[in-house]
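*Asks:* everything below, folded, please.
(2 chains)
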Amino acid sequence: MTVHGKTDHTKGSGTTWVGRSLRRLEDPALVSGRGRFTADIPATHWVRFVRSHVAAGTIDSIDAPDGIGMVTAADLKSLKSIKPMLSKFNYVPVGQPILADGVVRFTGECLAAVYAPSKDEAEDLADQVEVGITETQPLTDARAALAGDAPHVHAGTQHNVIVEGHIVTPKFEDVWTSADRIIRVEARSRRQNATPMEARAGHAIYDPLTERVTLTCTTQMPHLMRTAVCDILGIPESELRVIAPDVGGGFGQKMSLAPEYVLLVWLARHLRSSVAWTEDRRENLIASFHSRDQYVELEGAFDKKGKLLALRGDIVANIGAYSCFPTTCGVEPLMALAELPGPYDVRAYDCRSRGVMTNTCPMAPYRGVSRPVITFVLERLMDKAAGAFGIEPTELRRRNLIDAFPYTSATGLVFDDGTYRETMEMAIAAIGLGAFRKRQEAARTEGHYLGIGFATFSERTGYGSPAFAARGMEITPGFETVILTVDPSGFVEARIGSSPHGQGLRTSLAQIIADEIGVDPQVIKVVHGDTDRSPYGWGTFASRSLVLSGGASLMAAQKIRAKLLKMASHLLEASPEDIKLEEGSAHVIGTDRSVTIASMARAAYHQTHIFKGEIEPGLSENATYDPSGTFSNACHVAVVEVDIETGSVTLEKFLVAEDAGLIINPMIADGQVHGGVAQGIGNALLEEIIYDETGNIMTSTLADFLPPTAREIPEIELHHIETLTGNTITKAKGLGEGGAIGAPAAVISAINDALKPFDVSIDEMPATPQRIRAALRNSGKLP
Amino acid sequence: MTDKSDITLTINGKAHGIRVEARRTLADAIREECGQTGTHIGCEHGVCGACTVLVNGEPVRSCLMFAQQADGKQIRTVEGLAKGDEMHPMQRAFMENHGLQCGFCTPGFLMLAVGVLEREPDISDHDLVDVLSSNLCRCTGYQNIIRAVRAAAIEMRQS
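*Replies:* Numbering: from 1, shown residues only, chains lettered A, B, ... in the order given. Coordinates of the predicted model:
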């Protein structure tokens, strides 16, 4: 069920494709088996990577049968390593070789690449490669890696802390000591894998005519992929074309540079042929990228009335063995540092956040980046505080949510207009909190433990280059460019730098453009994911594409609109103010005079003389957009029942009240929230990458790492408020990550609410039956 | 291991005479030997269901079946759902209900749902969710997949 609030869709042209649940233009091919994914492309050579079976050690030997095609680090001496940079936060640059060079730092690291005419043969040959490694003691736990006597994951570094940030607001201690009550949470988020249904794949083909390589791969950022691969190989970017075809989900895992792709391009050039690699699920689970492995200690200082005065935090993020490109491994600890206070008004803040290297798979962004973790911890703090004050958790939030905008946070973030309180009140009313408490009470007397959990949070979206510059990144993703062309046939092509892979952006952008220039979205083709065809851009991640490419699309469409009006004014002999663009034509308002946009487009190229030199030939405009950013917000509610005998959790209901500004396509927006919530529920209850003490992964199949199925996800009820932000020109905010940010906190909160009679605190994700049972056993209060 | 046998895979009514090793999975044979890449491979260990096809009308995880086991049997894949330009009600329902985002798991869900509804047109809502829980989707949270299959079920019963 979805309930949309009243929205004022005011668009330049007066027509309203925006705001409609237009069916997706992407779908006909995808439901017919005509999607084109990387693994669908045939190749002459297939690559199988020989991966390390140990977590830490030195390589003594890599022996292969005579005559097989194999690449090792010795062949790649001319290549640079993957070494992203940060200029702040005590960042220690470490390099990742394309193939392990003498030292192995995590289980699954690529040691060699074997190639053969078929996938099966390559796998058979890779099995015959014998690897000798002298094992050393691996570090898998971030706290263990902090110990003074811990070995160093990278020789030559002073310690395993690779990035460290610390924010202390002035006179923090004064505020802290003035508080009435201190509430403390010590929480743990276990390691996750984003698990797109399409694992990674790459295909590189050398063209002898142009001496270029085309790399088709499962990436969220084709342009940056090209830059990175060319930098490492030391070749001009003109020698590489990168294509992101249909990509089967990414969720952040496909926005970092994987060394495997560099090897494919190098090998295609070396063999002057085509080479391909399709990752299997085990490789994806052990060696793609992980995330969310964090310890968070958080204390809140409250006054007598439950107002939060100060927050003190310490975050330790396990970032694995290497630093991911382009964000660096600072992405998790620094996001946590900047955004930990969330949507609450708190003026005093003292927080340290560290990224620690271990012998585990490298960390990379995953939908929500740290915010699912910090929201869970902060909401635990608020729930515990509410318990201490003896009030409803929502009442404590009511006393602390920000409600005057723009609001500048203790960490310097500026929040634009939002509806933090309104969405929470909306959620309380829709779920029927009062009635639930009565039902909960009655159920307890019958041995059923129901719980309700609320999570209120902000989602920073659509931020431009200044936000990334503030982190000290060498690469500051920000702007997006759109090239909008009406060709002589009258069809419209929007070439964009973003790289959508399931978000429906082809449809949403077509809606924005259609409104502006008065054509049907069906005649607008959005082109993306090809460095030869699309302008330089940053790709699709961080809830940014609709805001940035949407803004650039609107700006380019405004220019096309102005030109069309000028042309129509010539042709119809009317003033541009009297002309309306709609349904594919320019009409003089109040008359029957009109001219089609298609015929004007034809004239713009083929009949330019009729405009007497007053209009430039052609009908193509560029626009680039680099906004300051905007905050979406939401309140999530989970209702659960916990079986105290088994520790299993059943989700009865999930409700979201959210505000992401103007909604361009409600159907697509709802779908984004659904998917995020399901991932968040998986994070909260099921999914966990587990290393044993030797650094081997115990969860290397989908039967061990447990993405939720249709059985575990309840009906998700959505409610929307649309606050038209002034921070973006479309008035839209991003919403891709929010579902994943709020859901874990709401679910964990509901579990704790259900278990209140046992006085336990579940402060670890995922809250597996084992962990819940252990807490109940230790409570000594089981019947 | 490399001994090959001649088999015939009949996919969407068309016979493909191919030579494959005994270990060749049906999924690989459909995609590579027969060139029908609409069937996707998500895990190769029978958990995700992206590779689901119909073999003699039954939904099967084609990564868990050898090509030789399907010799001579009727195989249906996503490419065979539409009749010419007319889409199958299940395909239409997925588009109308936003039952897909990235589209990678979609062919498997379509074949699973079609196979089950052809066998059991009056399946209860509860049982339907149970059936759909055999495949994984990472984008939709299943909300609109369930909605789409329910909508298609009504239309399939009527026709």
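*Asks:* so what's A:I697 up against?
*Replies:* If you count contacts by CB atoms under 8 Å, 6 or more residues apart in numbering or on different chains, A:I697 has them with A:T107, A:G108, A:L285, A:I286, A:C361, A:I689, A:I690, A:Y691. Backbone N, C-alpha and C define where each C-beta goes, glycine included.
*Asks:* again, 7 Å this time
*Replies:* When the contact criterion is CB atoms under 7 Å, 6 or more residues apart in numbering or on different chains, the partners of A:I697 are A:T107, A:L285, A:I286, A:I689, A:Y691.
*Asks:* ok, A:A199 to A:N284 distance?
*Replies:* 4 Å (CB to CB, to the nearest Å).
*Asks:* give me the three-state assignment for the residue in chain B that chain A sits nearest to.
*Replies:* Here the residue of chain B nearest chain A is B:G38; by CB to the nearest CB that distance is 2.0 Å. Reducing the assignment to helix, strand or coil with DSSP: H, G, I helix; E, B strand; the rest coil, the entry for B:G38 is coil.
*Asks:* right, and it touches B:G108 too?
*Replies:* No - at 10.1 Å, B:G38 and B:G108 do not qualify as touching, with contact defined as CB atoms under 7 Å.
*Asks:* can you list the low-confidence ranges for the chain?
*Replies:* With no chain named, the answer covers chain A. Scanning chain A for pLDDT under 70 picks out the ranges A:1-15.
*Asks:* that's the wrong chain, I wanted chain B
*Replies:* Across chain B (using pLDDT under 70), the flagged ranges come out as B:1-2.
*Asks:* domains in it, by residue range?
*Replies:* Taking automatic domain parsing as the reference, chain B has its domains at B:4-80, B:89-158.
*Asks:* give the contact list for the residue of chain B closest to chain A.
*Replies:* If you count contacts by CB under 7 Å, 6+ apart, B:G38 has them with A:G33, B:T77, B:V78, B:E79, B:P107.
*Asks:* can you tell me which of those are in helices?
*Replies:* B:P107 (DSSP state H).
*Asks:* identify the residue spatially nearest to the residue of chain B closest to chain A, adjacent ones excluded.
*Replies:* Taking CB to CB, 6 or more residues apart in numbering or on different chains, and ignoring the residues beside it in sequence, B:G38 has A:G33 as its nearest neighbour in space, at 2.0 Å.
*Asks:* which residues touch that neighbour?
*Replies:* A:G33 neighbours (CB under 7 Å, 6+ apart): B:G38, B:T77, B:V78, B:E79, B:P107.
*Asks:* so which of those residues wins on neighbours?
*Replies:* Across the contacts of A:G33, neighbour numbers were computed from other CB atoms under 10 Å in any protein chain shown; B:V78 holds the maximum, 30 neighbours.
*Asks:* that residue contacts B:M111, doesn't it?
*Replies:* Yes - here B:V78 reaches B:M111: they are 6.3 Å apart, a contact under CB under 7 Å.
*Asks:* tally of neighbours for A:D280?
*Replies:* Applying the criterion other CB under 10 Å, we find 15 residues in the vicinity of A:D280.
*Asks:* could you do B:S5 as well?
*Replies:* A count of nearby residues for B:S5, using other CB under 10 Å, gives 13.
*Asks:* what of A:N665?
*Replies:* Residue crowding around A:N665 was assessed by other CB under 10 Å; the count is 26.
*Asks:* and the stretch 651-783 of chain A, which residues reach chain B?
*Replies:* Proximity of the stretch 651-783 of chain A to chain B is assessed by CB under 7 Å from any CB of the partner chain, with A:667-668, A:671, A:674-675, A:677-678, A:701-703, A:707, A:709-711, A:713, A:716 identified as the residues in range.
*Asks:* switch to 8 Å and redo it
*Replies:* Taking CB under 8 Å from any CB of the partner chain as the criterion, the stretch 651-783 of chain A approaches chain B at residues A:667-668, A:670-671, A:674-679, A:701-703, A:707, A:709-713, A:715-716, A:739.
*Asks:* out of these, which end up buried?
*Replies:* Those of those that meet the buried threshold are A:667-668, A:670-671, A:674-679, A:702, A:707, A:709-710, A:712-713, A:716, A:739, by 16 or more other CB atoms under 10 Å in any protein chain shown.
*Asks:* please enumerate the helices of chain B.
*Replies:* B:26-28, B:89-96, B:106-119, B:125-132, B:143-158.
*Asks:* in CSV: the ones you listed, plus distance to chain A.
*Replies:* Compiled in CSV, those are given as follows (distance: least, CB to the nearest CB, whole Å):
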stretch, distance to chain A
helix B:26-28, 8
helix B:89-96, 4
helix B:106-119, 6
helix B:125-132, 4
helix B:143-158, 5
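*Asks:* could you save these as a markdown table and add columns showing distance to A:G734?
*Replies:* Rendered in a markdown table, the data for the helices of chain B read as follows (distance: least, CB to CB, whole Å):
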| stretch | distance to A:G734 |
| --- | --- |
| helix B:26-28 | 36 |
| helix B:89-96 | 25 |
| helix B:106-119 | 25 |
| helix B:125-132 | 29 |
| helix B:143-158 | 20 |
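*Asks:* how many residues are close by A:A562?
*Replies:* A total of 12 residues lie near A:A562 under the criterion other CB under 10 Å.
*Asks:* name the SS class of it, please.
*Replies:* Applying three-state DSSP to A:A562 yields a three-state assignment of helix.
*Asks:* for it, give its distance to A:P576.
*Replies:* Applying CB to CB to A:A562 and A:P576 gives a distance of 8 Å.
*Asks:* cool, and A:P65?
*Replies:* Distance, A:P65 to A:P576, by CB to CB: 75 Å.
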